[in-house]
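Asker: Sequence first, then the predicted structure, then my questions.
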Amino acid sequence: MAKNIAIILAGGKGSRFQSDIPKQFLILAGKTVLEHTLHTFQYNEYIDEIAVISNKDYIHVVEEIVRKNDFTKVTKILNGGKERYESTLVALNAFSEEANLLIHDAVRPLVDDRIIHDVVKALKEYEAVNTVIPATDTMLEVDESRHFIQNIPDRNFLYRSQTPQAFKTHVLKKAYEKALQDPNFTTTDDCGVVKKYLPEIKIKIVEGSNRNIKLTYQEDFWLLEKLLQVKN
């Protein structure tokens, strides 16, 4: 059977967070954000292996975190790229055999076992999976000037994307092979690459959680601190 490999994207510099330390290394409830995230995948029964994609300047920090916590499932600590998709490509190149890749933001430390289980289960039937939650706010589409409303989509069909996003290795590799041949290639996440370049692939959605927050702004820090304190 193909291995379930968690790819933890920990290469961001956190420019929007306005911190001298990348946010994955900030301390929340007594541990770094990355430690909280790795702990969940380390002790999840369905995860066979973990790879951490880091900024080259912080690889030694990741190595120390893995050693200190005895995160035995972490088999690779890799130097990521400047852009998110470049880090995904680093991970794809590191695993030659067919596998189930669960790509997760290191700064979503409250991912839980139920989400991971549901993603792994969905991958048994589908080749691509995205974790989502329903949009609760009314969403607006604006015109090119960004000053006026152009459209108000039906909220019943809108969801907010989270991670993990998961793929059969061959699917994600094929999508990126096509994407990199496109001179106008741009992306924000891996599901977007699969959707655009392999439109025939159905991307299954699974329910995420309102607690599966991404640490992006200062306000998120305090909320995650409280939630992690309750969890621990």
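Answerer: Thanks, I have the structure now.
Asker: Need the CA coordinates for the strand ranked longest in the chain. CSV is fine.
Answerer: The single longest strand within the chain, with elements called by DSSP state E, is strand 159-168. Extracted C-alpha coordinates of strand 159-168, given in CSV (Å, rounded to 0.1, in the frame of the first residue of the first chain):
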residue,chain,number,x,y,z
TYR,A,159,-16.3,27.3,0.9
ARG,A,160,-13.1,28.5,2.6
SER,A,161,-10.1,26.4,1.8
GLN,A,162,-7.9,25.0,4.6
THR,A,163,-5.2,22.3,4.7
PRO,A,164,-4.3,19.5,4.5
GLN,A,165,-4.7,19.3,0.8
ALA,A,166,-4.0,15.8,-0.3
PHE,A,167,-3.0,14.1,-3.6
LYS,A,168,-1.8,10.9,-5.2
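Asker: Going C-terminal from it, what's the next secondary structure element?
Answerer: Of the helices and strands lying after strand 159-168 in sequence (DSSP states H and E), the nearest is helix 169-179.
Asker: What angle do strand 159-168 and the very next helix or strand once past that next one make with each other?
Answerer: Remark: after helix 169-179, the chain's next helix or strand is helix 190-197, criterion DSSP H and E. Using axes from the mean of the first three to the mean of the last three C-alpha atoms, to 10 degrees, the inter-axis angle of helix 190-197 relative to strand 159-168 is 80 degrees.
Asker: After helix 190-197, which helix or strand is next? Please name it.
Answerer: strand 203-207.
Asker: Report the buried residues of the following helix or strand past that next one.
Answerer: Once the chain leaves strand 203-207, the next helix or strand it forms, by DSSP H and E, is helix 218-231. Residues of helix 218-231 classed as buried by neighbour count (16 or more other C-beta atoms under 10 Å): Phe221, Leu224, Leu227, Leu228. No exception for glycine: its C-beta is placed from N, CA and C like everyone else's.
Asker: pLDDT (mean, whole number) over helix 218-231?
Answerer: The average pLDDT within helix 218-231 is 89.
Asker: elements contacting that helix?
Answerer: Judged by 3 or more C-beta pairs under 8 Å, 6 or more residues apart in numbering; DSSP states H and E, helix 218-231 is in contact with strand 27-28.
Asker: quick check, distance from the strand it packs on to the centre of its chain.
Answerer: 19 Å (C-alpha atoms, centre = their mean, to the nearest Å).
Asker: what lines up beside that strand in the sheet?
Answerer: In the sheet, strand 27-28 lines up against strand 31-32 (antiparallel) (DSSP bridges).
Asker: centre of the chain versus the strand it pairs with, how much separation?
Answerer: 18 Å.
Asker: residues in contact with it?
Answerer: The contact list for strand 31-32 (C-beta atoms under 8 Å, 6 or more residues apart in numbering) reads Gln24, Phe25, Leu26, His39, Ile65.
Asker: Could you pull up the contacting residues of the residue most central in space within the chain?
Answerer: Centroid check for the chain by C-alpha atoms, centre = their mean gives His104 as the closest residue, at 2.6 Å. Contacts for His104 (C-beta under 8 Å, 6+ apart) come out as Ala6, Ile7, Ile8, Leu9, Thr37, Phe41, Val111, Thr163, Pro164, Gln165.
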